[in-house]
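1. show me the folded form of this:
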Amino acid sequence: MIETLDDLDVEGTTVGVRVDVNSPIDDDGTLADDARLRAHVDTLSELLERGGRVAVLAHQGRPGGDDFVSLESHANRLSTLLDQPVEYVDATFSSAARKTIRTLSNGDCVVLENTRFYSEEYMEFDPERAAQTHLVTGLESVLDAYVNDAFAASHRSQPSLVGLPTVLPGYAGRVMEAELDVLGSIEETPDPRVYVIGGAKVSDSIDVAWSVLEKGLADHVITAGVVGNVFLIADGVDLGDASSDFIYDQGYWDEIDRAADLLDAYGDRIALPRDVAVDRDGDRYELGVNALPPGDGESAMDIGDSTLEYYQRILADAETVILNGPAGVFEDDRFQKGTRRLYDTATDSSTSIVGGGDTASALRKLGVEGFSHVSTGGGAALRMLTAEPLPAVTALQNAPEQPAADD
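-> Model prediction:
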């Protein structure tokens, strides 16, 4: 059982809160999009309003990347979102960071430096070893409790995610709680249940398809995007050189065999595209999946109208729709139609769940709303949908209890 903020005695408690605010960054190193910060406002506001002393831990980018920057601009934005001053310290577990945490008063908040500025945080450990890292041993003495609200990172086994709840009482924040409630009980949603798998994460998507079909969770699986192209090739369709070469260059060739096995086992429940849209002379042009000409560089960029009508008939009968991945290259206005219309149709179902990652990005760009739940996590959501354990969630389940308050 995982305890939540309802179980935490907050007032006067110094709480380390792990969030996931890994965001797009402008050329000047500041935030370009604050959607991920806004997701955690409820958790942070509640802790502060209840008299907690809050130290925020988070990562931003990967070493060597243009988005591998400090969290100073994140702290500045949180000050606005929380409508109170939020301090920033350019260290995570140093003596300066610990001193700042010790001097917090009830209702105060500090953002610690990017956890990935320290090499251990970019490595994965089992919880016991993670608890011995410098980050955990440095912070353990100044924190009374730990809250994990970073569902999107919960498939990782890094010190700030699994080490801290090994040595501190651990709780799920409101984002984490909502994600576990929804994604952890997919089997309780009404059926017929349809999964839409698209985008370019082919291996993960095929894992999801195998899992939900084997377990009887999916009445239908709809394929689109690069995933759909892989299934088409597995079904014997010649998509032309451009689409096939892309799949080969991305290392997805082995996934064709897995898709073929899946079609052999559950082909009557897997829907494949019937036509696609390509870039022809700068315009959107639609043609049947068998009509892509070889060798001229035209590749499938979106599903076509015939496919949309077919998929919309399936979705119209669904009570629950789970979407993971866009239907095409939605970043290009010419190839947004498939994603937009599928998502719009999905919102008519009694339960509609978006699996996060690229799917959530597409939602924001297209302005589609009305879903029952939009996950904050891509990889983590996929793991939950395949019933794989999430290391950070397991660590919360095994966290020690908060000592009883003195009378």
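
2. can I take it that Val194 is in a strand?
-> Yes - secondary structure of Val194 (DSSP: H, G, I helix; E, B strand; the rest coil): part of a strand.

3. hey, what's it bridged with?
-> Counting by DSSP bridges, Val194 forms beta bridges with His220, Val321.

4. surely it meets Leu217?
-> No - in this structure Val194 lies outside contact range of Leu217 using Cβ atoms under 8 Å: 10.5 Å. All C-beta atoms are positioned from the backbone trio N, CA, C, and that covers glycine.

5. looking at these two now, which is surrounded by more residues?
-> Summary of the neighbour comparison: Val194 and Leu217, criterion other Cβ atoms under 10 Å, with Val194 having more neighbours (25 against 19).

6. got a list of what the more buried one touches?
-> Under the criterion of Cβ atoms under 8 Å, 6 or more residues apart in numbering, the neighbours of Val194 are Ala218, Asp219, His220, Val221, Ile222, Ile314, Leu315, Ala318, Thr320, Val321, Ile322.

7. do you know how far it is from Phe231?
-> Val194 sits 16 Å away from Phe231 when distances are taken as Cβ to Cβ, to the nearest Å.

8. domain ranges for the protein, per the record?
-> Taking automatic domain parsing as the domain assignment, the ranges for the chain are 5-180+390-397, 191-349.

9. turn the ones you listed into TSV, including mean pLDDT.
-> TSV is the format used below for these (pLDDT from 0 to 100):
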stretch	mean pLDDT
domain 5-180+390-397	96
domain 191-349	91
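
10. which one of those lies closest to Phe371?
-> Nearest to Phe371 among the domains of the chain is domain 191-349 (5.9 Å), distances taken as Cβ to Cβ.

11. nearest to Pro169 among the contacts of Val194?
-> Of all the contacts of Val194, Ile322 has the smallest distance to Pro169: 33.3 Å, by Cβ to Cβ.

12. near that closest one, how many other residues are there?
-> Applying other Cβ under 10 Å, we find 29 residues neighbouring Ile322.

13. quick check: it touching Leu385?
-> Yes - Ile322 is within contact range of Leu385, at 7.0 Å (criterion: Cβ under 8 Å).

14. need the CA coordinates for stretch 27-38. PDB is fine.
-> Coordinates of each C-alpha in stretch 27-38 appear next as PDB, following Å, rounded to 0.1, in the frame of the first residue of the first chain:
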ATOM      1  CA  ASP A  27      18.000  29.300 -26.600                       C
ATOM      2  CA  ASP A  28      18.800  31.500 -23.600                       C
ATOM      3  CA  GLY A  29      18.500  28.600 -21.200                       C
ATOM      4  CA  THR A  30      15.100  29.500 -19.800                       C
ATOM      5  CA  LEU A  31      11.800  27.700 -19.800                       C
ATOM      6  CA  ALA A  32       9.900  27.500 -23.100                       C
ATOM      7  CA  ASP A  33       6.900  25.700 -21.700                       C
ATOM      8  CA  ASP A  34       5.700  25.400 -18.100                       C
ATOM      9  CA  ALA A  35       3.100  22.600 -18.600                       C
ATOM     10  CA  ARG A  36       5.000  20.200 -16.400                       C
ATOM     11  CA  LEU A  37       5.500  22.700 -13.600                       C
ATOM     12  CA  ARG A  38       1.800  23.400 -13.600                       C
END
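
15. buried residues, that stretch. List them.
-> In terms of neighbour count (16 or more other Cβ atoms under 10 Å), stretch 27-38 has its buried residues at Leu31, Asp34, Arg36, Leu37.

16. now, which of those residues sits nearest Glu124?
-> Distance from Glu124 was checked for each of the buried residues of stretch 27-38 by Cβ to Cβ. The minimum falls on Arg36, at 21.7 Å.

17. isn't His40 right next to Asn148, touching?
-> No - His40 lies out of contact with Asn148 (Cβ under 8 Å); the separation is 11.1 Å.

18. those two: which has the busier surroundings?
-> When neighbours are counted by other Cβ under 10 Å, Asn148 comes out ahead of the other of His40 and Asn148, with 31 against 26.

19. you'd agree that one is up against Val175?
-> No - under the criterion of Cβ under 8 Å, Asn148 makes no contact with Val175, lying 9.3 Å away.

20. picking up where we left off before, buried only: go through the contacts of Val194 for me.
-> Applying the neighbour count, that is 16+ other Cβ under 10 Å, the buried entries in the contacts of Val194 are Ala218, Asp219, His220, Val221, Ile222, Ile314, Leu315, Ala318, Thr320, Val321, Ile322.

21. tell me what Ala55 is bridged to.
-> Per DSSP bridges, the residues bridged to Ala55 are Gly16, Val110.

22. doesn't Leu112 make contact with it?
-> Yes - using Cβ under 8 Å, Ala55 makes contact with Leu112 at a distance of 5.9 Å.
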